[in-house]
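Asker: Return a 3D structure for these sequence lines:
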Amino acid sequence: MPELNENYRKLTDALSACAARSGHPVRLLAVSKTQPAEAIAACSALGQRAFGENYVQEALEKIGVLEPLALEWHLIGPLQSNKCRPVAEHFDWVHTVDRGKIIDGLSQFRPTGRPPLNVLIQVNVDDEANKSGCAPDQIESLAERIAEKPNLRLRGLMAIPDPARSADGHAFAAMQSLFNALQESHPGIDTLSMGMSDDFPLAIAHGANLVRVGSALFGARPKKPETP
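Answerer: Coordinates of the predicted model:
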């Protein structure tokens, strides 16, 4: 896949340059939703280990097929409470924790013997009516609830700012402030997940250290599968 090879090289070079300017390391999460297992395997062969999926059933199929590669799987799409069990059983990270019911479900179904499930609190930083995520003033209470669960590990915050409102960096700056505040009460957190193909340099400049990139890596996304 020569296009994937070139895209990966350009992307990792760009991330390295952004990291150097910002003064902190940046990790790439390859957004592989709707991509075939073959594309993920090819990307893995280039050195990429962490992949982000939006749709639980689609992801489970790929996780099974690609199990020998020992990849790291992140759920980055909205999570319904009735999907907590398969997510807790098969994923390594969940970026979209935004309410107590999800916390309890993930904790309940995380298998004994597996490492704690890494979780991020999703914040609706722009207060968009139709977007998932908690309000900023709910972050601390959710963080405390996660901290009480020994089989969950709070890693930080995630956001998907409205592109129309984030061009000036205001939403990213707000998330950086929220992250810094959460670090004071939970010093162990280390991850601020924000920034995608079109805006990751701006996100990194405002503290993002995990960026979620799909189209800049894999190219135009295939049609979404009918079964989420």
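
Asker: Quick one: neighbours of residue 170, just the number.
Answerer: Residues contacting residue 170 under the criterion other CB atoms under 10 Å number 14. C-beta coordinates here come from the backbone N, C-alpha and C atoms, glycine included.

Asker: And residue 148, by the same measure?
Answerer: The local packing count at residue 148 equals 10, with neighbours defined by other CB under 10 Å.

Asker: do you know how far it is from residue 9?
Answerer: With distances taken as CB to CB, to the nearest Å, residue 148 is found 44 Å from residue 9.

Asker: same thing with residue 31?
Answerer: Here residue 31 is placed at a distance of 18 Å from residue 9 (CB to CB).

Asker: more neighbours, these two?
Answerer: residue 31 (24 against 11).

Asker: In the sheet, which residues pair with the more buried one? Tell me.
Answerer: residue 52 (DSSP bridges).

Asker: contacting residues for it?
Answerer: For residue 31, the contacting residues are 51, 52, 54, 76, 196, 212, 213, 214, 217, 218, by CB atoms under 8 Å, 6 or more residues apart in numbering.

Asker: let's see 10 Å
Answerer: Contact analysis of residue 31 by CB atoms under 10 Å, 6 or more residues apart in numbering lists 51-54, 74, 76, 196-197, 211-218, 221.

Asker: cool, residue 119 as well?
Answerer: 75, 91, 93-97, 102-103, 106-107, 142-143, 146, 149, 152-156, 158, 191 are the contacts of residue 119 under CB under 10 Å, 6+ apart.

Asker: Next, give phi and psi for residue 187.
Answerer: Residue 187 adopts backbone torsions of phi -60, psi -20, taken as degrees, to the nearest 10.

Asker: for the helix or strand of the chain with the lowest mean pLDDT, packing partners?
Answerer: For the chain, using mean pLDDT, DSSP states H and E, the weakest element among its helices and strands is helix 163-166, scoring a mean of 72. Where contact means 3 or more CB pairs under 10 Å, 6 or more residues apart in numbering; DSSP states H and E, helix 163-166 is packed against helix 170-185.

Asker: For the chain, which segments count as helices?
Answerer: Per DSSP state H, the chain has helices spanning 2-22, 37-45, 56-65, 84-90, 100-109, 139-147, 163-166, 170-185, 200-205, 215-218. These are given in chain order.
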